[in-house]
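[1] any chance you could fold what I've pasted below:
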Amino acid sequence: MTIQHTMSAQQEQTDTVLEVRDVTVQFDMDRGESRVLDSVSLDIQRGEILGIVGESGSGKSMFASSLLDAVVEPGILTGEVTYYPPDDEPIDVLDLPKRRLRELRWEEISMVFQGAMSSFNPTTKIRTHFEETLQAHKFDVEKGMERAREILSDLYLDPDRVLDVYAHELSGGMRQRALIALSLVLEPEVLVMDEPTASLDLLMQRSILKMLEKIRDKYDLTLVFITHDLPLVAELCDRLAVMYAFEFVEVGECDTLIRDAAHPYTRALLNATPNLNTPVKDMDPIEGSSPDPVDNLSGCSYHPRCPIGDKECVAEDPDFYEVGDDQQAACHKWERSLEEIPLSTQAHAEMEGEQ
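    Numbering: from 1, shown residues only. Coordinates of the predicted model:
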């Protein structure tokens, strides 16, 4: 299943920074071939904040790793990932020599992983992490450290304090912000963030989100923000791409998807999202479980859990349907979904209010 990429004249003028086509990741297991990313295609636009959302195990982190050709062995990555520098020829990310790939991962596309504590060497001061990164990429260390101090300040950290301590001497929120600063010190075009706030309290999560928006604008960044927390990204992102069972099922502008989600899974995800105003007894969990990556289901991957699925859904894997302007859903029954799967009024209002 692939997203339709026939674009209007207005869409053709949009500046694409990353183009993903038919990317698949599979592992050969004793139980059989396991697909953890299934022929996904997506365009990421320069300067946008794109949220990738879905349940745990849906393929979000594998998609992030694929963008940087960082899938660990024995995973097998196939397809095309094309990076478009602002003033240079397109780059085939999956066909780069190892040395050039190492350069690209920090200098052009950088990534922040979940768990800042494990990302820092506990025996090395924060300053050394910055200096060694600059040296490894042959950047001017003095100028690079000036940039590091500026970014740390932009993230409301005191450079004099943070640079001269070890990671364990910082709080979780401070470590995460220091890691974001480290990922930006080589002036990348794209920052991929995989569950960067998962271990932080709600107040710190919101604080970091507000900082990210400012950082995006100041440093002309493209942000890819990966999370299972839909309300979190609803406040931050320009567009959302919803993943289910190792593929994208709906893509569109953030406010549109929150208001008029067309795929039954997206609507179910919205209705299952906890919020402060809805009693627990009124929450609507998604029945069933996601498919095993070894299972090779026919038809739509969501049909075993879908309340409106029928024989067509079992027999035929849906392509993306144009639901509206800049919104696509991989569902044969998307029109019925709008009518027959009502959105929780309270959750919907709360997330719209956050925007």
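
[2] from now on I want contacts and neighbour counts done on CA atoms only, so please keep to that.
    Will do.

[3] which stretches of the stretch 101-250 of the chain form strands?
    Ranges of strands in the stretch 101-250 of the chain, per DSSP state E, counting those that start in this stretch, are 109-112, 190-194, 222-227, 239-244, 247-253.

[4] may I have the shortest one as PDB, with CA atoms only?
    Output of strand 109-112 as PDB, limited to C-alpha atoms (Å, rounded to 0.1, in the frame of the first residue of the first chain):
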ATOM      1  CA  ILE A 109      20.000  14.600   9.300                       C
ATOM      2  CA  SER A 110      20.400  14.300  13.100                       C
ATOM      3  CA  MET A 111      18.500  12.100  15.500                       C
ATOM      4  CA  VAL A 112      17.500  12.300  19.200                       C
END
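
[5] can you list the residues that contact it?
    Contacting residues not belonging to strand 109-112 are listed as 68, 104-105, 179-180, 183-184, 188-194, 196 [CA atoms under 8 Å, 6 or more residues apart in numbering].

[6] find the pair from these with maximum spatial separation.
    The distance between the two most remote of the contacts of strand 109-112 (CA to CA) is 20.8 Å, for Leu104 and Pro196.

[7] the more surrounded of the two?
    A count of neighbours by other CA atoms under 10 Å puts Pro196 above the other of Leu104 and Pro196, at 23 against 18.

[8] among the contacts of strand 109-112, who's most crowded?
    Highest count within those by other CA under 10 Å belongs to Val190, 28 neighbours.

[9] doesn't Tyr219 make contact with it?
    No: counting by CA atoms under 8 Å, Val190 does not reach Tyr219; the two are 10.3 Å apart.

[10] what element comes up after the host helix or strand of Phe63 heading to the C-terminus?
    Using DSSP states H and E, Phe63 sits within helix 60-67. Tracing the chain C-terminally past helix 60-67 and defining elements by DSSP H and E, one meets strand 76-83 next.

[11] strand partners (parallel or antiparallel) of that next one?
    strand 16-29 (antiparallel), strand 91-92 (antiparallel) (DSSP bridges).

[12] which one of those lies closest to Arg239?
    Taking CA to CA, strand 16-29 is the member of these nearest to Arg239, at 13.8 Å.

[13] tilt between the helix or strand following the closest one and strand 222-227?
    Downstream of strand 16-29, the next assigned helix or strand under DSSP H and E is strand 32-45. Going by axes from the mean of the first three to the mean of the last three CA atoms, to 10 degrees, strand 32-45 is angled at 140 degrees with respect to strand 222-227.

[14] would you mind writing the CA trace of the helix or strand following strand 32-45 as PDB?
    Next in sequence after strand 32-45, counting helices and strands by DSSP H and E, comes strand 49-53. This file holds the C-alpha atoms of strand 49-53, laid out as PDB (Å, rounded to 0.1, in the frame of the first residue of the first chain):
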ATOM      1  CA  ILE A  49       7.000  19.700  12.000                       C
ATOM      2  CA  LEU A  50       5.700  16.200  11.100                       C
ATOM      3  CA  GLY A  51       4.300  14.000  13.800                       C
ATOM      4  CA  ILE A  52       4.400  10.200  13.400                       C
ATOM      5  CA  VAL A  53       1.900   8.600  15.800                       C
END
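
[15] now for strand 49-53, which elements pack on it?
    strand 222-227, strand 239-244 (3 or more CA pairs under 8 Å, 6 or more residues apart in numbering; DSSP states H and E).

[16] give me the sheet partners of the last one and which way each runs.
    In the sheet containing strand 239-244, the strands it pairs with under DSSP bridges are strand 49-53 (parallel), strand 247-253 (antiparallel).
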